[in-house]
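In: quick check, what structure comes out for this input:
(one chain, ligands or ions: 2)
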Amino acid sequence: MSGRGLILGIESSCDETAASVVERGARTLSSVVASQIPTHARYGGVVPELASREHLRAIVPVVRAALAQAGITLADLDAIAVTSGPGLAGALLVGITYAKALAFAQNIPLIAINHLEGHIHAVLLNERESTPGASATGGPGLVSETWETSEANSPAEGSPRPSPEPALALVVSGGHTHIYLARPAHGSWSYSLIGRTLDDAAGEAYDKVAKLLGLPYPGGPWIDALARYGNPQAVPFAFSQIKPKLHLAGKAPRTKGAKTSPIASLNPHFLFSFSGIKTAVLRYVELHDLRPEAHARAARFFPRKSTHAEQALDLAACHPERAQRVEGPAFPLSAAAQTLGAPSFPQPLAERMGNLSSQPASTFPKPPKTKEEALALCPQPTLDLIASFQHAVVGDLMKKTFAAAEALGARRILITGGVSANRELRARFTTEAARRGIHILFPTLSLSTDNAAMIATAAWPRFLSGDFAGPDLSADPSLALGR
Ligand code: KG4
Ligand code: ZN
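Out: Ligands and ions are numbered 1, 2, ... in the order given. The predicted structure is shown next:
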């Protein structure tokens, strides 16, 4: 224990293994993200079994790299924070089990963090790091308000503080599209759920539409890049208003987070539904006979699987229990991976360290950067379709978020989660917020998608208030945030 307020954050809820050291919830000493994108890309989405296996491979080198980058050892840590949900059960358990073992061995507190709260704290961390003189112990804006009752924010450090103002937070990612009202409370934050999706998350719609069009996973960055060269008015996609009848019936949403979210108590004007636009794109593709074009595109990214080893790898991904039977005991999954040039398991630490990056492998295809590159990938009508899809999704996110801000009198909006990296989303939200005189904040691009700095940051107020997890901490795949 260093007493410097050093928290190691660990994140493994989906397809990124991440570790980060953050000092007093305000200064990032290191942030390491090992992305599994190349592993899942050919399946058009995350394969849970592969995700767990990749987390197991990466967790030790990623944590070691985060400590090394921060220039500290385990003995310097004051606490360990880990994502406990929501997310994939097997993936979460890898991070939780490792975090528990480290905390036990070092005899330091373990802090459980909700992944969605982490995304909200990514914005707060950015604000602290980008505001001169701001830190978790003082400074203007949301930052100072956060810690006003914490021990770190003693009167000697600049009280009295301004009265805290709630902020509206839109968490928009591959798994979630949720609006919260976040209020500073007792040195920490409390959250009220204001709106959410009834079915797919916005990022999920991006990923599914991309897959339909033969673009790689995750689809968001591809659609973002291609939409710039299309006509957003070409296809008039429309979002219909969620019917109060459905919402008053108190039906459980079809999303993974269905367990606890009180849909019946939410204003239907703040509810989202993205399954309709996905189906509308599918109909458009079929009506305009775009399937062959999409298949040809997909084949360019992932040439037809032909080898025995590739088929074994695919089978193992979808049906791990059947893979051994087909290949026999002498041909385990790692052998298939090795034949394909993928790292075998276990892989030497030094090699794994070389692979740590927030970017996919250098050989992995990258979204186009120019109109010529975009047109080489998609004909103009497809670019128009993509631009129209994105325009409609961003428009719907804006309409409901600003309506909620107005209804609640919120003067600050935080937009966070993977989809918040989207260029059109940032530009249009920023323009509209300026028009309404609302303060809007986004995380930096690297903090928009999954990372562990946001987990270590969200843990700081819990560390100060002694809100620690016990040894029985387990994964909660549908953990809800707020009431
Ligand atoms: O926050 P995140 O890394 O993981 C979850 O918690 O889900 O978000 C990943 C999601 C994916 O659906 C991905 O397609 C989407 O964020 N995404 C984007 C962009 N970058 C990532 N969506 C739209 N535009 C982007 N630039
Ligand atoms: Zn996330």
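
In: Ser474 belongs to a helix, doesn't it?
Out: No - counting by DSSP: H, G, I helix; E, B strand; the rest coil, Ser474 is not part of a helix but coil.

In: do you have the helices of the stretch 251-400 of the chain handy? List them.
Out: Here the stretch 251-400 of the chain has its helices, by DSSP state H, counting those that start in this stretch, at 275-287, 291-301, 308-318, 320-327, 333-339, 349-355, 371-377, 380-408.

In: how big is the angle separating whichever helix or strand comes after the last one from helix 380-408?
Out: Moving toward the C-terminus from helix 380-408, the first helix or strand encountered (DSSP states H and E) is strand 412-416. Strand 412-416 and helix 380-408 meet at an angle of 140 degrees, taking axes from the mean of the first three to the mean of the last three Cα atoms, to 10 degrees as the criterion.

In: so does strand 412-416 get close to ligand 2?
Out: No - Strand 412-416 stays clear of ligand 2 (Cβ under 5 Å from the ion), getting no nearer than 8.7 Å. Any C-beta I mention is one placed from the backbone N, CA and C, and that applies to glycine too.

In: now the next helix or strand after that strand: average pLDDT?
Out: The first helix or strand that comes after strand 412-416 along the chain, using DSSP H and E, is helix 423-436. Mean pLDDT, helix 423-436: 98.

In: and what of stretch 172-189?
Out: Stretch 172-189 comes out with an average pLDDT of 90.

In: also stretch 439-457?
Out: The average pLDDT within stretch 439-457 is 96.

In: could you show me where the strands are in this structure, in order?
Out: Along the chain, counting by DSSP state E, strands occupy 6-11, 16-23, 27-35, 79-85, 110-114, 167-172, 177-185, 188-196, 412-416, 439-441.

In: so which of the ones you listed comes closest to Pro216?
Out: Among the strands of the chain, strand 27-35 comes nearest to Pro216, with 12.9 Å by Cβ to Cβ.

In: what is that closest one packed up against?
Out: Here strand 27-35 touches strand 16-23, helix 48-70, helix 115-130, going by 3 or more Cβ pairs under 8 Å, 6 or more residues apart in numbering; DSSP states H and E.

In: quick check, the residue in the stretch 101-250 of the chain closest to ligand 1?
Out: Using Cβ to the nearest ligand atom, Gly220 is the residue of the stretch 101-250 of the chain that sits closest to ligand 1, at 2.1 Å.

In: the strands of the chain: which one's closest to Leu102?
Out: Of the strands of the chain, the one closest to Leu102 (Cβ to Cβ) turns out to be strand 79-85, at 5.5 Å.

In: let me see the mean pLDDT of that closest one.
Out: Here the average pLDDT along strand 79-85 is 98.

In: may I see the strands of the chain arranged in a markdown table, with mean neighbour count as well?
Out: Output for these, formatted as a markdown table (neighbours: other Cβ atoms under 10 Å):
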| stretch | mean neighbour count |
| --- | --- |
| strand 6-11 | 28 |
| strand 16-23 | 29 |
| strand 27-35 | 22 |
| strand 79-85 | 28 |
| strand 110-114 | 24 |
| strand 167-172 | 28 |
| strand 177-185 | 23 |
| strand 188-196 | 20 |
| strand 412-416 | 25 |
| strand 439-441 | 18 |
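
In: could these go into a markdown table alongside distance to Asn126?
Out: Compiled in a markdown table, the strands of the chain are given as follows (distance: least, Cβ to Cβ, whole Å):
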| stretch | distance to Asn126 |
| --- | --- |
| strand 6-11 | 15 |
| strand 16-23 | 12 |
| strand 27-35 | 10 |
| strand 79-85 | 18 |
| strand 110-114 | 17 |
| strand 167-172 | 13 |
| strand 177-185 | 15 |
| strand 188-196 | 16 |
| strand 412-416 | 10 |
| strand 439-441 | 7 |
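
In: for stretch 189-209, how far is the first residue from the last?
Out: 36 Å (Cα to Cα, to the nearest Å).

In: are it and ligand 1 in contact anywhere?
Out: Yes - Stretch 189-209 lies within reach of ligand 1 by Cβ under 6 Å from any ligand atom, at 203, 206-207.

In: what residues does the stretch 351-483 of the chain put near ligand 1?
Out: Counting by Cβ under 6 Å from any ligand atom, the residues of the stretch 351-483 of the chain near ligand 1 are 417-419, 421-422, 449-450.

In: out of the residues you listed, flag the one nearest to ligand 2.
Out: Minimum distance to ligand 2 across those is 4.4 Å, recorded for Asp450 (Cβ to the ion).

In: surely the closest one meets Val33?
Out: Yes - Asp450 lies in contact with Val33 (Cβ atoms under 8 Å); the separation is 7.3 Å.

In: any shared contact partners between these two?
Out: Contact criterion Cβ atoms under 8 Å, 6 or more residues apart in numbering; residues shared by Asp450 and Val33: 16, 18.

In: how about the residues of the protein near ligand 2?
Out: The chain comes close to ligand 2 at residues 173, 450, as judged by Cβ under 5 Å from the ion.

In: where does the chain dip in pLDDT?
Out: 132-164, 244-262, 304-363 (pLDDT under 70).

In: at 80 what do you get?
Out: Counting by pLDDT under 80, the chain has low-confidence residues at 42, 131-164, 185-188, 240-265, 303-364, 483.

In: before we move on, back to that, including distance to Arg483, could the helices and strands packed on strand 27-35 go into CSV?
Out: Output for the helices and strands packed on strand 27-35, formatted as CSV (distance: least, Cβ to Cβ, whole Å):
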stretch, distance to Arg483
strand 16-23, 27
helix 48-70, 29
helix 115-130, 13
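
In: what's the most buried one of these?
Out: Sort the helices and strands packed on strand 27-35 by mean neighbour count, taking mean count of other Cβ atoms under 10 Å, and strand 16-23 sits at the top with a mean of 29.
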